[in-house]
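Peer 1: Prediction below, plus the sequence it came from.
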Amino acid sequence: MHDQKTLKASEMFTMIGLFIGMKVTDTTPTLFAQKAQNAFWLIPIISFLVILPSFFLLIYLLKKAQNKNLMELIESLIGSKLGKTLGFLIFLSSFLLMCLDSRSYVEQIKLLYFPASPTTVLFFLFLCVVFFGAKKGLEVIGFTVKTSFLFIKLSALLLALLISVEIVWQRIFPIFGSGLSTILKEGALKGSIFSEFFLLTIAYTSFKDTKQFRIGTLFGVIFVIIEITFFFFVYATVFDYNSIEKASFPFHDITQYVQLGEYFANIETFFMVFWLLAGFLRFIIYIYLITWIFGAVFNISEFEPLILPFSFITLIIGMVPDNSVINELLFRDMLLNYVTPLFVLFPVILWIVALSRGALKK
Amino acid sequence: MSRLQKGKKAIKQMYEKKEKLQEDAKDNAERLKQLFSYGINKDFSYKQLVADYNKKKIYLFFYASIVNSDKIEEFIIKPIHEGEGDKLSKIINTRDLIEITDFEQATDDINNGKIVLLMEGDSIGYSMEVSDFKHRAISQPANESVIRGPKEAFTESLFVNISLVRKQIRDKQLITEQSSVGTRSKQSVVLVYVSDIVNDEILKNVRERIESIEVDTVRNVELLEQYIEERPYSIFPSILYTERPDNAGAYLEDGHIILLMDNSAACLILPVTFWDLFHSPEDRYSRFIFGNFTRAIRFFSFYITTMISAAYVSLANFHSEMIPPDLLFAITAAREYVPFPLIVEILLMEFAFELIREAGIRIPNPLGPTIGIVGALILGQAAVEANIISPIIVIVAALSGLTSFVIADTSLNYTVRISRFIFILSAAFLGMLSLVGVFLLWFMYAASLKSFGVPFFAPLAPYYKSSGDTMFRKALRAEIWRPSHIKPKDLHKKQRK
C-alpha cells in the first residue's frame, strides 16, 4: 500500500543542496583560484549562466514529454541508437568525473586527518560506506539527505559566522582579479561543475509528481548558486591573492583558522564530522544516479546490483593519478573542460530535434 | 498399554479423522474420558447426572482447575435436577449454550474452560462458558511509570484487558475481533481497532500474518510479536509493546491496531514508527511546554547514550587536537598508570555497566542494595584506584549508562544499547571517519525499515500529514490530523471550525 512514490520537493531541494552544494567544500575553489586568483568567486556565476539555459531547456523538454525520465526522453527524441550513444557519453563523462572527484575527497581526508594511513585503505572504506548507502535506494537516500541537510548547512553557516571576523571585503578588488577575459574563459570552460544537475533528471519520474521535482529543482538551483558564490567570496576575502593559490583545501583551511572562544581552539573535527556526512551522501547520490543512467542505457531495469562493480571500478580509476596535485590540476581540470560542451549542447540538440519534429506542440 | 498411551493414541486419531460425535452419548463420554486420560489427569472432572424433566442421563466434562464451580452448580446442575421444560436449552437458560458436533471442538472447549454436556440419546453435545482462569489483580504499571496520568496496567487476563481498553474508548465502532493461534494449544488473539478509522489493508495484513503462524503454541504477546514481525533479525523493533491501557487507547484513536492475548500483562501496538517508540505517554499528559522539555532532554540523552563513548574514543585516539590542552593533559595524566589501550578501558566499563544492569533485573529483591555497593564502590572507585581504568572513563560510562535509561520503550532501549557498542568499535577503527560512515549506514538502515508498510521515520521523512507529534509535539488544540502515514479512513481528528 505504500508502494507509491513518496519523494517530494523538499527531498529534491535538499538533494541538490548537498549534491552540488558540496562543491563549496571540495577542491573546486582551489582549481579556480589557480587561474583567476581573487576574482575566482565570480567563476561559478559565469559557469552557472553558461549551463543554465541548457538545463532549463532540458527541464522544459521533460515537462513537455510528461512521464519520461532523462534517458527515455533522449531515446524518444533522437532514436534508440543515437540516444544510447549520447546516454553512454553522459554516463562515461560523469563516471570519470566522479572517480577523480572521489579521489580528491579521499586525498583531503588523508592529508588533513589520517596522514599515516594508506590512500587505498581510506578510499576503500569511503567507497564501502558509499556502496552500502547507495544500495538502500533513492527514497532512503532522499530521506537521509533531507534529515541531515539542516545540520550540515547549519554547521557551514556557523563556520561562516566564526570566520566573519577574518574577512577583509576590500580584498575582492580589483573586482575582475587577473582580468575579465580569464574569468569569462574559465567560467565558460568549467560549466561542467554543474553537470550534476543533468544527472538528477534521470530521477524525474520517481517523485510524487513531476511538479514536485521541478519546484524542488528551481529552489535547489537558486540555493546552490547563492551558497557557492557566498562561500567562494568568503574564501577570496579571507585568504587574499598571495595565499589563495596555495590554499589546497580552502574549506578545511578555514576550519583550522576558527576557534570557539578561547578554550576550544581547534574545532576542525567538529566541522569535519558534518563535512564527512555530506561527502558520503554526495557520493551515495552520485554513484546511484550514474548507475541508474548506465542501467537505462543498457536496458537493465534492476540496476542496483551494478553499484558494487561500479564502486570497485571507481576505486581503480580513482587510484590512477599519482597524487592529489596531478589529480586536481591535470586530470580533473582537463576533464571538466572537455565535458562542458557535451552538457551545454545536448539539451539544445534535443530541443532542435523536438522542435523540428513538432513534438513540442502537443 | 497404559491409559496414558491410549489417551495419546486417541488424540492422534481424533485430529487425523476429524472425528464426529457418535449416536450414543455413552460412547462419546467414554471417548472423551479416554482423550483426556480420565483418572490420571486429576483435575479433569466427569460427572453423571439424571435430568429431572426427561429422566435421561447427562454427562458433564470440565477441568475443575479452570472453571467456576459455583456457576456450574447454579446454572447447570441445579436446573438439571430441578428444571422443568421440554428441551435442554430451555432448562439451562444461559446465553452461551453452544451445540457441538465433533470431538475437536469438544476438547478445545474443555481446554478453554468451558463445560461440555452430553445427553443420552442425543448425538450432539453442548458446551457452556464457565471458565474462571486465575489471574492477578489490576496493578500499577511496573516498567512504564508516569507522574501524571492513569496508573492502571494490563493484567494477564484477556477479558480484564479488553475491559480496560473499553474503559478508555467508549465507542460502538471499537471492535474486538477474535482469532486463534497455535495448533496444539489454541490461544485466542484479540485484534482491537476502531473500525471506521483503521486502514483495512493493514488490518488484512495483520490478520493474514496471524493466520499464517503455524506452530504448536504461542503462549503470549511477547512470543506473538516475534512471529508476526517482518524482520526478526533487525536491531530495530517494529512493534510497540506497552503495558498501559491508556497508551493503547491513544493509539487506537489514531487508527492503530492493538493485539491482546491471555497471559500477557501488555499489548502490542502496530504499525509504529520510530517516534512512537521514542515517546512516553507522559509527554502528552504534561502541558505543552513541560512535555516538550522532557522530549528535548530525551533527545539529548539519546544522542549522549549512543555517541558519547564512541566520540570519546575517536577524539582521544585520533583527533586529540580537538580536546582543549588543559583537559588533554588531565586525561593523559590520568591514563598514565593504566596498562590498557583506551578502547579496552571503554569496553570494560561499558560491559561492567551492562552487567550491573542485567544483574539488577535478575537479583532477588532483598539483595538489591548489593548491586549498588558492587557497582559504585568496586567498579567505580576500586577499579580506578587499582589503575584498571582511568577516572574519566567512569564519567563517560556512567553518563552513557544513565542516559540510556531515558529511552522509555524497552525494545528501543536494547537497540540503543547495542548500537552503542557498534559505534564504539567503529570509532576505534578510524576515528571520526569510520564513526560517521557507520552512523550514516545505521541511520540509512533505519530509514529503510518499514513496520507493516509504514516507513520508520514517517511522518518526518517521508513527510506525511499528521498531528505533528514527532520530535516535539504541538499544543493539543492544534492537533487536527490523525497520522496519515498509517492511512486512516478518517484523517480529521476533529472538525475544523
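Peer 2: Received the coordinates, thanks.

Peer 1: quick one: residue B:99 is in a strand?
Peer 2: Yes. Under DSSP: H, G, I helix; E, B strand; the rest coil, residue B:99 falls within a strand.

Peer 1: Thought residue B:122 was touching it, still the case?
Peer 2: No. Residue B:99 lies out of contact with residue B:122 (C-beta atoms under 8 Å); the separation is 9.9 Å. The C-beta positions use only the backbone N, C-alpha and C, and glycine is treated the same way.

Peer 1: So for those two, which sits in the more crowded spot?
Peer 2: Neighbours around residue B:99 and residue B:122, counted as other C-beta atoms under 10 Å in any protein chain shown, are more numerous at residue B:122. The numbers are 18 against 11.

Peer 1: Distance of that one relative to residue B:128?
Peer 2: In this view, residue B:122 and residue B:128 are 15 Å apart by C-beta to C-beta, to the nearest Å.

Peer 1: Equivalent analysis for residue A:97, please.
Peer 2: 80 Å.

Peer 1: and if you look at residue A:158?
Peer 2: Taken as C-beta to C-beta, the span from residue A:158 to residue B:128 is 74 Å.

Peer 1: Equivalent analysis for residue A:206, please.
Peer 2: Taken as C-beta to C-beta, the span from residue A:206 to residue B:128 is 60 Å.

Peer 1: Compare neighbour counts for those two and give me the winner.
Peer 2: More crowded of residue A:206 and residue B:128, by other C-beta under 10 Å: residue B:128, with 23 against 19.

Peer 1: That one - that's part of a strand, no?
Peer 2: Yes. Counting by three-state DSSP, residue B:128 is located in a strand.

Peer 1: Quick check: closest non-adjacent residue to residue A:272.
Peer 2: Of all residues not flanking residue A:272 in the chain, residue B:432 sits nearest, at 6.0 Å (C-beta to C-beta, 6 or more residues apart in numbering or on different chains).

Peer 1: Could you report the neighbour count for the one you found?
Peer 2: Neighbours around residue B:432, by other C-beta under 10 Å: 26.

Peer 1: Looks like it contacts residue B:322 (just checking).
Peer 2: No. With contact defined as C-beta under 8 Å, residue B:432 does not reach residue B:322; the gap is 9.2 Å.

Peer 1: who touches both of those two?
Peer 2: residue A:269 (C-beta atoms under 8 Å, 6 or more residues apart in numbering or on different chains).

Peer 1: which is the next helix or strand following the lengthiest helix in chain B?
Peer 2: Of all segments of type helix in chain B, defined using DSSP state H, the longest is helix B:410-448. The helix or strand immediately downstream of helix B:410-448 is strand B:450-451, counting by DSSP states H and E.

Peer 1: who touches that following strand?
Peer 2: Identification of contacts with strand B:450-451 by C-beta under 8 Å, 6+ apart yields A:2, B:230, B:238-239, B:270-273, B:456.

Peer 1: Spell out the secondary structure type for residue B:118.
Peer 2: strand.

Peer 1: For it, grab the count of nearby residues.
Peer 2: 26.

Peer 1: list the contacts for residue B:426?
Peer 2: Counting by C-beta under 8 Å, 6+ apart, residue B:426 has contacts B:310, B:434-435, B:437-439.

Peer 1: Out of the residues you listed, give me the two with the largest separation.
Peer 2: B:310 and B:437 (12.2 Å; C-beta to C-beta).

Peer 1: Give me the nearest residue to residue B:417, chain neighbours excluded.
Peer 2: residue B:404 (5.9 Å).

Peer 1: Test for you: state the pLDDT assigned to the one you found.
Peer 2: Looking at residue B:404, its pLDDT reads 91.

Peer 1: which ones are touching the closest residue to residue B:117 other than its chain neighbours?
Peer 2: Nearest in space to residue B:117, with sequence neighbours left out and distances taken as C-beta to C-beta, 6+ apart, is residue B:126 at 4.4 Å. The contact partners of residue B:126, taken as C-beta under 8 Å, 6+ apart, are B:88-89, B:92, B:97-100, B:116-119.

Peer 1: With residue A:260 instead?
Peer 2: By C-beta under 8 Å, 6+ apart, residue A:260 lies in contact with A:162, A:267.

Peer 1: Apply 6 Å and report the result again.
Peer 2: The contact partners of residue A:260, by C-beta atoms under 6 Å, 6 or more residues apart in numbering or on different chains, come to residue A:267.

Peer 1: any idea how far it is from chain B?
Peer 2: Distance, residue A:260 to chain B, using C-beta to the nearest C-beta, to the nearest Å: 10 Å.

Peer 1: Correct me if wrong: residue B:452 contacts residue B:271.
Peer 2: Yes. Using C-beta atoms under 6 Å, residue B:452 makes contact with residue B:271 at a distance of 3.7 Å.

Peer 1: okay, those two: which has more neighbours?
Peer 2: Legend: neighbour count by other C-beta under 10 Å for residue B:452 and residue B:271, higher for residue B:271 (27 against 24).

Peer 1: How about the residues of the stretch 51-200 of chain A by chain B?
Peer 2: A:129, A:132-133, A:136, A:140, A:143-144, A:146-147 (C-beta under 6 Å from any C-beta of the partner chain).

Peer 1: Are we agreed that residue B:46 is in a helix?
Peer 2: No. Assigned with three-state DSSP, residue B:46 falls outside any helix and is strand.

Peer 1: Tell me how many other residues crowd it.
Peer 2: Neighbours of residue B:46 (other C-beta under 10 Å): 15.

Peer 1: any idea how far it lies from chain A?
Peer 2: 52 Å.

Peer 1: same deal with residue B:172?
Peer 2: 27 Å.

Peer 1: What does that residue show for phi and psi?
Peer 2: phi -70, psi -20 (degrees, to the nearest 10).

Peer 1: Repeat that for the one 4 residues further on.
Peer 2: Here the main-chain torsion angles of residue B:176 (degrees, to the nearest 10) amount to phi -120, psi 100.

Peer 1: and if you look at the one 10 residues further on?
Peer 2: According to degrees, to the nearest 10, the main-chain angles of residue B:186 amount to phi -90, psi 120.

Peer 1: Isn't it up against residue B:180?
Peer 2: Yes. Residue B:186 lies in contact with residue B:180 (C-beta under 6 Å); the separation is 4.7 Å.

Peer 1: What count of nearby residues applies to whatever residue of the stretch 101-250 of chain B ends up closest to chain A?
Peer 2: At 4.7 Å from chain A, residue B:201 is the closest residue in the stretch 101-250 of chain B, using C-beta to the nearest C-beta. Residues within reach of residue B:201, counting by other C-beta under 10 Å, total 13.

Peer 1: On the three-state scheme, it is what?
Peer 2: Relying on three-state DSSP, one would call residue B:201 helix.

Peer 1: Residue B:151 - nearest residue in space that isn't next to it in sequence?
Peer 2: Of all residues not flanking residue B:151 in the chain, residue B:140 sits nearest, at 4.8 Å (C-beta to C-beta, 6+ apart).

Peer 1: pLDDT at the one you found, what is it?
Peer 2: At residue B:140, the model reports a pLDDT of 92.

Peer 1: quick one on the thing from earlier: make a ChimeraX selection of the buried ones in the contacts of residue B:126.
Peer 2: Remark: buried members of the contacts of residue B:126, expressed as a ChimeraX selection using 16 or more other C-beta atoms under 10 Å in any protein chain shown:
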select /B:88,92,97,100,116,117,118,119
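
Peer 1: quick one: which of the contacts of residue B:126 is nearest to residue B:192?
Peer 2: residue B:98 (23.5 Å).

Peer 1: where exactly do the helices run in the stretch 101-250 of chain B?
Peer 2: In the stretch 101-250 of chain B, the segments counted as helices under DSSP state H, counting those that start in this stretch are B:103-111, B:158-168, B:200-211, B:221-228, B:245-254.

Peer 1: on that earlier part again, now that we have the contacts of strand B:450-451, which one has the most neighbours?
Peer 2: Ranked by neighbours (other C-beta under 10 Å), the contacts of strand B:450-451 are led by residue B:271, which has 27 neighbours.
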